[in-house]
Structure formats: C-alpha cells, structure tokens
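Chemist: How does the following fold in three dimensions:
(one chain, ligands or ions: 1)
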Amino acid sequence: MTAIQITNVEKRYKSLQALGGVSLTIEEGEFFGLLGPNGAGKTTLISIIAGLIRPDAGKVTIHGHDVTGDFRAARKKLGVVPQELVFDPFFTVRETLRLQSGYFGLPNNDAWIDEVMHNLDLTNKADTNMRALSGGMKRRVLVAQALVHKPPVIVLDEPTAGVDVELRQTLWQFITRLNREGHTVVLTTHYLEEAQAMCKRVAMLKLGKVVALDSMAALIRRISGSQLVLNLREGELPADLRHLVSHPDLTDEGRKYSLRINDYAEVEPILARLRETGVHIDEMQLQQADLEDIFLQIMDKGSV
Ligand SMILES: Nc1ncnc2c1ncn2[C@@H]1O[C@H](COP(=O)(O)OP(=O)(O)OP(=O)(O)O)[C@@H](O)[C@H]1O
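Modeler: Just a heads-up that it's a prediction; the model follows:
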C-alpha cells in the first residue's frame, strides 16, 4: 500500500515559489529521507502533509486519505515531530501525552504512553512540568507526542537538530524498531551521515523541486570514485591536476584539495606529478564517496 502520495504539489508565499510541482510516492514500511539545503521547501512540504498549510495546487494522500478533504482520517494515520519546540508549559510530560491521546479519541492510553516514555528515556520526567525540561528533553516529548496514537506513518522534521549523542541513539533505536514493525518513516535532516545510515531511499529538494530521487545504494553508486584529500605544505596544485578537484568550495586557501579518483592506481601518477613540481604534502587521506559528496554535487550542478 502507498503510505504517502504527493502529486504535483505547489506552494507560493507571495512572489516566492516554495514548492514548484513536487510529486513523490512513499510506500508503506519505507524509511525515506527528504534532504535539501536551507529553504529547499522540506518543512513546507511536511506542513502540507500534516494538513497545517494548504497547497496552492496538487494533492497529498496518507493511506489513501486526502489531507485536506479527509483531514481527520489522514491525520490519524500520521505522527509528525515538528522542527520547532512547541509545547504547553502548564502541563507535566504525562499530562501532555494524555491530552494528545485525547485529541485522537484514546482516553485509556496509559500502557502505550508508559512504553513510549520508557523508550525515549522520559520515565523519570513523567511528572515534571514541561517548562522545567531542558531543550533536549522537550524534544523527546515532541517525539513521544507524535507517537501517542501509534501512527502508521511517522514524519520527523530535523529531530536531532542540536540534541546530544544519547538522545540521538535512543531516538534512532526506537524509530528503527517502529520501522521494523512496519511503520513508515520520513525523515528530514541536515546530518547526512545520519540519513545515509538510516534511510533506504532519498529525495533531494532544491528550490522547491525534486532534483534526485533514488535508493540510497544507487545514489552512492552514482559516484563510484573516491577522494584523495591532500593537504599541501608548500606550493600549489599544478594546473594540469586541477580538473580533478571535486569540491572547489572546500579548497582551503590553496592548501587543501579533494581530488576525485576512480582507481587507486591513479594515486601514484598524481604523487609523481606533485614531486616533479616540487609540491610538498603535509597530509594525505583516501576517502570513499558518501552521501555528502553526492549532495554537494547535486546541489552544485543539479545532477551527478
Ligand atoms: N510562512 C512563510 N512566509 C513566507 N515565506 C516562507 C514561509 N515559510 C517558508 N517560507 C519560505 O519558503 C522557502 C522554503 O522554506 P522551508 O522552511 O519549507 O524550507 P526547508 O527546506 O524546510 O528549510 P530548512 O532546512 O531551513 O528548515 C524558504 O525560502 C522560506 O523562506
């Protein structure tokens, strides 16, 4: 079954086109990554999926329910962890979660609330007032809130922005378990390592358009080569090697260069050329291509 169907969605804020015709199909049980630089339109798309803002054109359904025409049914299928910390300061953690359960018509939800709190390491904060929690703890409550009604589709908008390693691990363990049990997960994050570790399929957005859509494995394969990262002590990279530089913007004042190579055999001639021109190397590393390389290339050029 299709979990989320997004068809030709458009959204404008006055003269700014935030989404310019986005179409995506996310199947039930997927762990899907929605990536893109600041302002690409990820939060706008998530807000449309959550029924918080209306698209100017196009359609979104969740498990077949239209998010505008059939809002209540669509919303029941969906748990959203928003990017911003929004909460009511007058309630305790448990009260907040009970209240949220009430919105979904679940008055006797304590067993699941206890399990969610346990899995997010919130149990010893259950009776603490929301305003007394640290930022990281509040974020845990936001995650718990999104899960109180056991939604089959979970959307997380930057859930690990500014949170500590411990919460990341707790969160990913729990989300991975829910995904294994059949929940669909959609994640936006600026931590590409995290996306690479978690997501099986990825869409990259740029200026409101999908510029890449593929499985993680296929995206990584698109860049078959590795990077030879050189830190030069003296001299500059010879002009005839410059076409190999993969991220000119990361070049550090003529000292640090990332060269794209397809085969380890290409390393030796590069080193020989540097020796010939009297360039000394301070440090050298060989790095496998990762999602960050692909992301930078797609965002630079629009394709790999
Ligand atoms: N309420 C609004 N009014 C006007 N412009 C808006 C509004 N919300 C978003 N925008 C603009 O729409 C574009 C897309 O924003 P959006 O927040 O969806 O991007 P994003 O990909 O989530 O970015 P980030 O990674 O920074 O969270 C941006 O240029 C943003 O400035």
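Chemist: Next one: the residue of the stretch 201-304 of the chain found nearest the ligand relative to Arg260, how far apart?
Modeler: Residue nearest to the ligand within the stretch 201-304 of the chain (CB to the nearest ligand atom): Leu205, separated by 6.5 Å. Quick note: C-beta positions are derived from backbone N, CA and C, even for glycine. Here Leu205 is placed at a distance of 25 Å from Arg260 (CB to CB, to the nearest Å).
Chemist: now do Gln288
Modeler: Gln288 sits at a distance of 12 Å from Arg260 (criterion: CB to CB).
Chemist: what touches both of these two?
Modeler: The contact sets of Gln288 and Arg260 overlap at Ser226, Gln227 (CB atoms under 8 Å, 6 or more residues apart in numbering).
Chemist: And the two? Which one has more around it.
Modeler: Neighbour count, other CB atoms under 10 Å: between Gln288 and Arg260, Arg260 has more, with 18 against 10.
Chemist: Go ahead and confirm that one touches Leu241.
Modeler: No. With contact defined as CB atoms under 8 Å, Arg260 does not reach Leu241; the gap is 10.9 Å.
Chemist: How about exporting the top helix by length along the chain as PDB, limited to the C-alpha atoms?
Modeler: Scanning the chain for the longest helix, with DSSP state H as the assignment, gives helix 165-180. This file holds the C-alpha atoms of helix 165-180, laid out as PDB (Å, rounded to 0.1, in the frame of the first residue of the first chain):
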ATOM      1  CA  VAL A 165      24.500  11.900  21.300                       C
ATOM      2  CA  GLU A 166      22.500  10.000  23.900                       C
ATOM      3  CA  LEU A 167      19.100  11.200  22.600                       C
ATOM      4  CA  ARG A 168      20.200  10.500  19.000                       C
ATOM      5  CA  GLN A 169      20.900   6.900  19.900                       C
ATOM      6  CA  THR A 170      17.800   6.500  22.000                       C
ATOM      7  CA  LEU A 171      15.700   8.100  19.300                       C
ATOM      8  CA  TRP A 172      17.100   6.100  16.400                       C
ATOM      9  CA  GLN A 173      16.800   2.800  18.300                       C
ATOM     10  CA  PHE A 174      13.200   3.400  18.900                       C
ATOM     11  CA  ILE A 175      12.400   4.700  15.400                       C
ATOM     12  CA  THR A 176      14.300   1.800  13.800                       C
ATOM     13  CA  ARG A 177      12.200  -0.600  15.900                       C
ATOM     14  CA  LEU A 178       9.000   1.100  14.800                       C
ATOM     15  CA  ASN A 179      10.100   0.900  11.200                       C
ATOM     16  CA  ARG A 180      11.000  -2.800  11.600                       C
END
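Chemist: Which strands or helices does the following helix or strand past it pack on?
Modeler: Following helix 165-180 in sequence order, the next helix or strand is strand 184-188 (DSSP states H and E). Counting contacts by 3 or more CB pairs under 8 Å, 6 or more residues apart in numbering; DSSP states H and E, strand 184-188 is packed against strand 2-13, strand 16-27, strand 31-35, helix 42-49, strand 153-157, helix 165-180, helix 192-198.
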